[in-house]
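Asker: Here is the input, now give the coordinates:
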Amino acid sequence: MLSYRHAFHAGNFADVHKHSAWLLGIHALLRKPSPFCLLDAYAGAGAYALDDPAARKTGEWESGIGRLEAAGEMPDVLATYRDAVRAFNDNEPLQRYPGSPALAARELREQDRLVCLELHPTDFPLLKRRFASDFRVHVHHRDAREGLPALLPPPEKRGLVLIDPAYEQAAEYADVPKAVHSALARWPSGSYLLWYPLLSGKLHVSMLRSLAEGVRTLLVQELLLFPEAPGLQGSGLAWINPPWQADVSLREAGDWLCGNLGASGARASLDWRAVSE
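Answerer: Numbers count the residues shown, from 1 in each chain. All right, here's what the predicted structure looks like:
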C-alpha cells in the first residue's frame with residue numbers, strides 16, 4: 001500500500017501531473033463569465049514549506065517541480081502551472097509549494113467558490129487558518145466519502161471536483177468509484193478529476209473498471225515514469241466530463257514529463273475509455 005501524506009511529497013512528479021491538470025480545468029471554467037464551484041475533496045494543509053522536515057526527508061520536489069523550474073521550453077499547460085508556482089513564491093527561488101487549494105484560490109474571481117474537505121487533525125486547522133479571511137473559500141472538517149455527495153450539487157451550474165485520496169488502504173480503490181458515482185448521481189454535469197498512483201500491484205485497474213460503469217465520458221492518462229521502481233512507479237488521472245481539448249493538452253504534457261522527469265523506459269498513455277450508456 002501507499003503512504004501519501006501531502007507534506008512529504010509536495011511538488012513531486014505526481015503533484016506536477018495532478019496540479020497542472022487541475023489548473024487546466026480551472027482555466028477552462030474561467031473562459032466563461034458565469035460563476036463556478038471548485039470542490040477539493042482531499043485538500044491537505046493548503047500549502048507546504050519546501051524546507052520543512054517532511055519535505056526535506058524525501059526531497060521529492062527537486063525531481064518534480066524543481067525540474068520544471070530549471071527547464072526551458074515546455075508545453076503550455078506545464079508552463080502555466082510552473083508560472084503559478086513561481087507566482088506563489090513571489091517569483092523568487094522556490095521555498096513554498098502551493099497545494100491544490102492554494103493554486104485554485106489564486107484563480108478565483110469574486111463570483112466563484114472553492115470548497116475544501118479535509119479530515120486529518122493536523123492538516124485541517126492549517127487549512128482553515130490559511131483561508132480564514134477569504135469569503136470565496138469554504139473549509140469543512142469532513143470525510144470526503146460522506147461530504148462529497150452531501151455538498152453536491154452546488155448552487156453554481158458549472159464546476160470541477162478534485163479527488164486524490166492517500167490510497168493507504170486497499171479498500172480505498174473500491175470506495176472511490178462508489179463516492180464518484182454517488183456524486184455523479186447528484187451532479188451529473190460536473191467535471192471530476194481523479195488522481196491515483198501507479199503501483200506494481202496494479203490495484204487501480206479494477207478501480208478504473210468500476211469507475212467507468214455507467215459513465216459516458218471518461219479520459220484516462222497514465223505516466224509510467226519509473227517502470228522498475230518497487231514502490232510508486234507513476235501517476236494516473238481519470239477525468240469524467242473533462243473540458244474540450246483536454247486530451248490534446250494532457251498528451252503534450254505527458255510526453256514532456258516522461259522525457260524530462262522519468263527514468264529510462266518511461267512512457268505515457270492517454271485514451272478515452274469505452275463506457276456504457
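
Asker: could you pull out the strands for this structure?
Answerer: If DSSP state E is used as the criterion, the strands of the chain fall at 36-40, 47-49, 96-98, 113-117, 137-140, 158-163, 191-199, 218-224, 232-240, 267-272.

Asker: hmm, who's touching the first one?
Answerer: Read it as strand 36-40. For strand 36-40, the surrounding residues in contact (CB atoms under 8 Å, 6 or more residues apart in numbering) are 26, 29, 100-101, 104, 108, 112-117, 148, 151-152, 154-156, 158-162. In short, each C-beta sits where N, CA and C put it, glycine included.

Asker: Which helix or strand in this protein has the lowest average pLDDT?
Answerer: Every helix and strand in the chain was compared by mean pLDDT, DSSP states H and E; the lowest is helix 53-58, with a mean of 63.

Asker: Mind giving me the PyMOL command for buried ones among the contacts of strand 36-40?
Answerer: Listed next is the PyMOL selection for buried residues among the contacts of strand 36-40, using 16 or more other CB atoms under 10 Å:
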select buried, resi 26+29+100+101+104+108+112+113+114+115+116+117+148+151+152+154+156+158+159+160+161+162
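
Asker: so who does the residue nearest to Val137 when sequence neighbours are not counted touch?
Answerer: What sits nearest to Val137 in space, not counting adjacent residues and going by CB to CB, 6 or more residues apart in numbering, is Phe131, at 3.9 Å. Residues near Phe131 by CB under 8 Å, 6+ apart: 46, 101, 105, 114, 116, 137, 139.

Asker: Make sure the fourth one is actually in contact with His140.
Answerer: No: with contacts defined as CB atoms under 8 Å, Leu114 does not count as touching His140, sitting 11.4 Å away.

Asker: could you measure Val139 against Gly99, distance?
Answerer: Counting by CB to CB, to the nearest Å, the separation of Val139 from Gly99 is 13 Å.

Asker: Spell out which residues are contacts of both of those two.
Answerer: If you check Val139 and Gly99 against CB under 8 Å, 6+ apart, the residues they both contact are Ala43.

Asker: quick one, which of the two is more surrounded?
Answerer: Between Val139 and Gly99, counted using other CB atoms under 10 Å, Gly99 has the larger neighbour count: 26 against 23.

Asker: Tell me how far the more buried one lies from Ala268.
Answerer: Using CB to CB, Gly99 is found at 24 Å from Ala268.

Asker: Do you know the pLDDT at Ala87?
Answerer: Taken from the predicted model, the pLDDT recorded for Ala87 is 97.

Asker: and it, what does it touch?
Answerer: Contacts for Ala87 were tallied using CB under 8 Å, 6+ apart; they are Arg106.

Asker: Just give the number of residues close to Gln233.
Answerer: 21.

Asker: Tell me the spacing between it and Glu222.
Answerer: With the distance defined as CB to CB, Gln233 ends up 10 Å from Glu222.

Asker: and what of Glu92?
Answerer: Noted for Glu92: a distance of 34 Å to Glu222, by CB to CB.

Asker: Comparing these two, which residue is more hemmed in?
Answerer: Applying other CB under 10 Å to Glu92 and Glu222 shows that Glu222 carries more neighbours, namely 22 against 8.

Asker: Distance of the closest residue to that one other than its chain neighbours relative to Ala266?
Answerer: Beyond its immediate neighbours in the sequence, the residue positioned closest to Glu222 (CB to CB, 6+ apart) is Gly236, lying 4.5 Å away. Summarising the geometry, the distance separating Gly236 from Ala266, computed by CB to CB, is 14 Å.
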